[in-house]
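Novice: Sharing a sequence plus its predicted fold:
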Protein chains: 2
Amino acid sequence: MKSKIKESPLFWPAKMKDGVLHVLDETLIPEQMHYVEVKNTKQAVNVIRQMKTRAFGQFLVVLQTFVLELNRKSKTGLLERLKETADALNNSRPTFPFSEVTSIVLGWAEKVEHEKTDTKTYVMKNIEGYLQGIRYRRLERVQKIAELIKDGDSILTHCNVSGELAMAAAICQDQGKEIHFFATETRPYFQGAKLTCWELKRMGAHVTLIADNAVGTVMADGLVNKVIVGSDRSCANGDFANKIGTYQIAVLAQEFDIPFYALTQPSDKVKKGEDIPIEIREAKELLTFQGKKYIQGNVDGYYPGFDVVPHEFVKDTIAINVR
Amino acid sequence: MKSKIKESPLFWPAKMKDGVLHVLDETLIPEQMHYVEVKNTKQAVNVIRQMKTRAFGQFLVVLQTFVLELNRKSKTGLLERLKETADALNNSRPTFPFSEVTSIVLGWAEKVEHEKTDTKTYVMKNIEGYLQGIRYRRLERVQKIAELIKDGDSILTHCNVSGELAMAAAICQDQGKEIHFFATETRPYFQGAKLTCWELKRMGAHVTLIADNAVGTVMADGLVNKVIVGSDRSCANGDFANKIGTYQIAVLAQEFDIPFYALTQPSDKVKKGEDIPIEIREAKELLTFQGKKYIQGNVDGYYPGFDVVPHEFVKDTIAINVR
């Protein structure tokens, strides 16, 4: 069933090379494709906190930071160091479920500590196998997205779906489907304008950028017939958190009878949306544009980084298991 | 009933001084309060087209451009020149009902041409009286907005309401009402971030800026209990056009049971929303920030400057007659 899929740089934005993790700096796209070198936990926390990497990239960084730590020589015991790494990563940003990932790795390490086998090799192999499995399931999901998209579809998306939507678009175009995308800007970081437009065009798809304010209008005017978004964190009951703005798009989709699809990674640990802590980021990020303050004076701002879409608004999900 | 109301610069942003029209350049706020000098029709069309003035400011510029023209010496007949001025203004931007205003002025001029009285004096006096009447009715509306706002209210607004909301806020504060505002950024021109936050704070009100993407979340979290927006063009049936994004805010307000109020100037000539032509502005305005392109490469964009809110979404309007 799986044909060769052209890969987007955002699909797998952190790769280990010669013991150094190369992380795509997504804040520089589309101007340049620059990979930041990450050699230790501290640098990993920095690229996450500065949002140089985001969404699936964070997940990759978290897992591979343990590989960096496993390879590091130190007098401190390995398990202790892995726990420190887990703590540092867990505290980097609140909404992404880092602890769910780090606890898996710690579980492997603790298991072998008891069994007296070679911890380093065992944990490394597990991380490698785990990543391969996720890679395979994500490629499968790309195929499913391509099946969901029909000839003539016009799809609205928000923020950035880390390669999967763009790769599905490429498959659709190969299949001769005529499709179109509307990408929201996604303030305040402009992931839609900078990442989604760039990668969709790069994969040969047609995309039109709109302000986040224009979603209601393009829906009312019948310019889109499907919404497909990713999720940063998804719950057992189908609720999910994603970039701020996703919730209101879901409400608008319902108002205009447009099916709303979410790509999720359901967790057993998070039962429902209310259990997801929402990261409130600094208001100055709203007032700053490309590193420069664009509004002078004191303005109070409120910037929740994510919102939670209740499952009632979701027509269907394409879920993958990341356990 | 009318007490002395503290005036916001945005309430009356174009004033005639010594035969020159001084137009507040709203694109420079909050950095500076600079008034552009407008001496003729061509310069008037420019300040409108470049959006240095907007909303009510445009209306003032249109009317006072005729005063400039009436004062100009020329061999061409006065009526002919006024018609040329009307044509130029009507063609400056599509959504604002310039022709409804210019036709009133031409009506005065044509009337006296037939009656052989002094056209210049007659039309001048009419424009002056007309502006005075509108000023009075707007000040009355400020009082009505202040009555609508209750102690403890948290009000969401979008774009900028040309002084009226900020002035109402000042009245409320004088009356000891504790109130709060949420202002949307209003991409792509940031009128909310630049104008609304600035003038609300200037009038002593508390305001919190949010991304346009956060409207759904602040509503769902119960952080606002009223929406008050202005309108650029309003219809006989209650539909109205306003800055892009207003429509989706109205849909969200309905979803979350938050009363939505619009400040309108109903027209008899425009029966319903579908009759309002929507200005599609250049996509490059989406890709440009403060004069600099922030996204490299070719990105297609769609930028409707306004949208139309169907009257079903409006809890109530505070309307004024501009006939």
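Specialist: Structure received.

Novice: give me every residue that touches residue A:245.
Specialist: A:158-159, A:184, A:186-187, A:212, A:307, B:211-214, B:216 (Cβ atoms under 8 Å, 6 or more residues apart in numbering or on different chains). Just so you know, the C-beta spots here come from the backbone N, C-alpha and C atoms, and that holds for glycine as well.

Novice: before we move on, what about residue A:294?
Specialist: Counting by Cβ under 8 Å, 6+ apart, the residues that residue A:294 touches are A:287-288, B:190, B:289-290.

Novice: Go through the residues you listed and flag which are in helices.
Specialist: Members of these lying in helices (criterion: DSSP state H): residue A:287.

Novice: Just the buried ones among the contacts of residue A:294, please.
Specialist: A:287, B:190, B:289 (16 or more other Cβ atoms under 10 Å in any protein chain shown).

Novice: how near is the second one to chain A?
Specialist: When Cβ to the nearest Cβ, to the nearest Å is the yardstick, residue B:190 and chain A sit 8 Å from each other.

Novice: before we move on, back to that, put together a markdown table for the buried ones among the contacts of residue A:294, with distance to residue A:267 and pLDDT on each row.
Specialist: Output for the buried ones among the contacts of residue A:294, formatted as a markdown table (distance: Cβ to Cβ, whole Å; pLDDT from 0 to 100):
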| residue | distance to residue A:267 | pLDDT |
| --- | --- | --- |
| A:287 | 34 | 89 |
| B:190 | 37 | 91 |
| B:289 | 37 | 78 |
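
Novice: Which of the helices or strands spans residue A:110?
Specialist: Taking DSSP states H and E as the definition, residue A:110 sits inside helix A:98-115.

Novice: Give the buried residues for that helix.
Specialist: A:98-102, A:104-106, A:108-110, A:112.

Novice: can I get the contacts of residue A:294 in TSV with distance to residue A:130?
Specialist: Putting those into TSV (distance: Cβ to Cβ, whole Å) gives the following:
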residue	distance to residue A:130
A:287	40
A:288	37
B:190	44
B:289	41
B:290	45
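
Novice: part of a strand, is residue A:64?
Specialist: No - looking at residue A:64 with DSSP: H, G, I helix; E, B strand; the rest coil, it is helix, so not inside a strand.

Novice: Please pick the buried ones from the contacts of residue A:245.
Specialist: Buried among these (16+ other Cβ under 10 Å): A:158-159, A:184, A:186-187, A:212, A:307, B:211-214, B:216.

Novice: show me the contacts for residue A:11.
Specialist: Contacts of residue A:11 by Cβ under 8 Å, 6+ apart are A:56, A:138, A:162-164, A:167.

Novice: again, 10 Å this time
Specialist: A:5, A:56-57, A:135, A:138-139, A:142, A:161-164, A:166-167, A:199 (Cβ atoms under 10 Å, 6 or more residues apart in numbering or on different chains).

Novice: for residue A:208, same thing?
Specialist: Residue A:208 is in contact with A:154, A:156, A:180-183, A:197, A:200, A:214, A:218, A:223-224, B:283, B:299-303, counting by Cβ under 10 Å, 6+ apart.

Novice: one step back: in strands only, show me the buried ones among the contacts of residue A:245.
Specialist: A:184, A:307 (DSSP state E).

Novice: which among the buried ones among the contacts of residue A:245 gets closest to residue A:45?
Specialist: Proximity of the buried ones among the contacts of residue A:245 to residue A:45 (Cβ to Cβ) peaks at residue A:159, which lies at 22.3 Å.

Novice: which non-adjacent residue is nearest the closest one?
Specialist: residue A:243 (3.7 Å; Cβ to Cβ, 6 or more residues apart in numbering or on different chains).

Novice: Report the contact partners of residue A:83.
Specialist: A:77, A:102, A:106, A:109-110.

Novice: From the residues you listed, pick the one nearest chain B.
Specialist: residue A:102 (27.9 Å; Cβ to the nearest Cβ).

Novice: Skip the chain neighbours and tell me the closest residue to the closest one.
Specialist: Among residues not flanking residue A:102 along the chain, residue A:86 sits closest, at 3.7 Å (Cβ to Cβ, 6+ apart).

Novice: The one you found and residue A:108 touch, don't they?
Specialist: No - using Cβ atoms under 10 Å, residue A:86 makes no contact with residue A:108, being 11.8 Å away.

Novice: shared neighbours of these two, anything?
Specialist: residue A:66.

Novice: that older thread, mind putting the buried ones among the contacts of residue A:294 into CSV with distance to residue B:256?
Specialist: As requested, the buried ones among the contacts of residue A:294 are arranged in CSV below (distance: Cβ to Cβ, whole Å):
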residue, distance to residue B:256
A:287, 27
B:190, 25
B:289, 31
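
Novice: Let me know the closest of the residues you listed to residue A:40.
Specialist: For the buried ones among the contacts of residue A:294, the nearest to residue A:40 is residue A:287 (32.4 Å; Cβ to Cβ).

Novice: Enumerate every residue touching that closest one.
Specialist: Contacts of residue A:287 by Cβ under 10 Å, 6+ apart are A:188, A:293-301, A:303, B:185, B:193, B:197, B:209.

Novice: of those residues, closest to residue A:236?
Specialist: Relative to residue A:236, the closest of the contacts of residue A:287 is residue A:303; by Cβ to Cβ it sits at 28.1 Å.

Novice: Helices of chain A, residue ranges please.
Specialist: A:41-49, A:56-71, A:78-90, A:98-115, A:119-148, A:164-174, A:191, A:197-202, A:215-220, A:246-255, A:284-287.

Novice: re the thing from before, what is the most widely separated pair among the contacts of residue A:83?
Specialist: A:77 and A:102 (17.2 Å).

Novice: tell me the contacts of residue A:97?
Specialist: Counting by Cβ under 10 Å, 6+ apart, residue A:97 has contacts A:59, A:62, A:90, A:103, A:232-234, A:241, A:265, A:267, A:269-270, A:276-277, A:322.

Novice: Sort out which of those are in strands and list them.
Specialist: A:233-234, A:241.

Novice: Can you read off the pLDDT for the residue nearest the centre of chain A?
Specialist: Taking Cα atoms, centre = their mean as the criterion, residue A:55 is the residue nearest the geometric centre of chain A, at 2.2 Å. Residue A:55 carries a pLDDT value of 88.

Novice: which residue packs closest to residue A:238, ignoring adjacent ones?
Specialist: residue A:311 (3.0 Å).

Novice: from what I can see residue A:259 touches residue A:314, true?
Specialist: Yes - proximity of residue A:259 to residue A:314 meets the contact threshold set by Cβ under 10 Å, at 9.2 Å.

Novice: Could you name every residue contacting both of these two?
Specialist: If you check residue A:259 and residue A:314 against Cβ under 10 Å, 6+ apart, the residues they both contact are A:227, A:253.

Novice: so how far is residue B:191 from the nearest residue to residue A:33 once chain neighbours are set aside?
Specialist: Nearest residue to residue A:33, sequence neighbours excluded (Cβ to Cβ, 6+ apart): residue A:9, at 6.3 Å. Separation of residue A:9 from residue B:191 (Cβ to Cβ, to the nearest Å): 36 Å.
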